[in-house]
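[1] could you look at this predicted model? Sequence included:
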Amino acid sequence: NAGVTQTPKFQVLKTGQSMTLQCAQDMNHEYMSWYRQDPGMGLRLIHYSVGAGITDQGEVPNGYNVSRSTTEDFPLRLLSAAPSQTSVYFCASSYDRGHGYTFGSGTRLTVV
Amino acid sequence: LAKTTQPISMDSYEGQEVNITCSHNNIATNDYITWYQQFPSQGPRFIIQGYKTKVTNEVASLFIPADRKSSTLSLPRVSLSDTAVYYCLVVPNRDDKIIFGKGTRLHILP
């Protein structure tokens, strides 16, 4: 039981490049979310999903796409990286609203 | 979505009981109240969740008054390792966003 696995752990992108942050969970959780955390700040919700095939926007969705084709995976795609997207990205999952989120260890992204 | 307000920072000493209060004036009837702990360079960790009255687990207690407009996380006999950021969240009991606030930076002194 690996929990929530995020890859890669670190990434440096050039402005304008695209990439996908991977998130996988093996707990059969329906709810999954992506958050970003800037230095010294709280977490901001990017996108979330309440089940396979269902996604919705969070607080800061611009510049990011998500898909949820399986229960296990919830990838986050950066369309055209910008320096403002330099941040730590956390993926989280939960069984349902009555249970807390399990967070991954994060992906530290730098856009130059 | 219910907005939460909690102190920006708190200091306490080892061995003390620490209480962090969060206000959530517009909480809806079926919303949960949840607390997370976050250490530097780590993802948040779920601590405790409740709906009303009191909930206790091996690490903390959560006190929720009858009007549910606030909640208090109680950490018994804190140690230096409890230095972290603590987030109070209101979790809607429906398919909706789960929003983190700014959290409370708790600093435990020796």
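    Sure, I can see it. Numbers count the residues shown, from 1 in each chain, chains lettered A, B, ... in the order given.
[2] what is the neighbour count of B:A66?
    Burial measure for B:A66: 7 neighbouring residues, criterion other C-beta atoms under 10 Å in any protein chain shown. Backbone N, C-alpha and C define where each C-beta goes, glycine included.
[3] quick one, what contacts it?
    B:A66 makes contact with B:K52, according to C-beta atoms under 8 Å, 6 or more residues apart in numbering or on different chains.
[4] helix, strand, or coil at it?
    Judged by DSSP: H, G, I helix; E, B strand; the rest coil, the three-state class of B:A66 is coil.
[5] report pLDDT for B:L109.
    For B:L109, the pLDDT comes out at 97.
[6] surely it meets B:Y13?
    Yes: counting by C-beta atoms under 8 Å, B:L109 touches B:Y13, with 5.2 Å between them.
[7] chain neighbours aside, what residue packs nearest to residue 32?
    Just going to use chain A. Distances taken as C-beta to C-beta, 6 or more residues apart in numbering or on different chains place A:F74 nearest to A:M32, at 4.1 Å, with adjacent residues excluded.
[8] can you look at chain B instead?
    B:Y32's closest residue in space is B:V91 (C-beta to C-beta, 6+ apart), at 4.2 Å.
[9] just give me the neighbour total for that neighbour.
    22.
[10] who touches A:A52 in this structure?
    Residues near A:A52 by C-beta under 8 Å, 6+ apart: A:68-71.
[11] from A:R68, how far out is it?
    A:A52 is 5 Å from A:R68, where distance means C-beta to C-beta, to the nearest Å.
[12] again, but for A:M27
    A:M27 sits 15 Å away from A:R68, taking C-beta to C-beta as the criterion.
[13] looking only at neighbour counts, state which of the two leads.
    Neighbour count, other C-beta under 10 Å: between A:M27 and A:R68, A:R68 has more, with 20 against 14.
[14] could you look up the SS state of the more buried one?
    coil.
[15] could you find the closest non-adjacent residue to it?
    Nearest non-adjacent residue to A:R68, counting by C-beta to C-beta, 6+ apart: A:S49, 4.3 Å away.
[16] do B:Y36 as well
    B:P44 (4.0 Å).
[17] skipping adjacent residues, who's closest to the spatially most central residue of chain A in space?
    When chain A is reduced to its mean C-alpha position, the nearest residue by C-alpha atoms, centre = their mean turns out to be A:W34, at 3.2 Å. Leaving aside its chain neighbours, A:W34 sits nearest to A:I46 (4.4 Å; criterion: C-beta to C-beta, 6+ apart).
[18] can you count the residues close to residue 4?
    This is for chain A. Neighbour count for A:V4, taken as other C-beta under 10 Å: 23.
[19] not quite, I wanted chain B
    22.
[20] which bits of chain B sit near chain A?
    Contacts of chain B with chain A, taken as C-beta under 8 Å from any C-beta of the partner chain, map to B:32, B:34, B:36, B:41-47, B:49, B:87, B:91-95, B:97-103.
[21] please redo it, this time with the cut-off set to 10 Å
    With the criterion set to C-beta under 10 Å from any C-beta of the partner chain, chain B comes near chain A through B:1, B:30-32, B:34-36, B:38, B:41-49, B:51, B:85, B:87, B:89, B:91-103, B:105.
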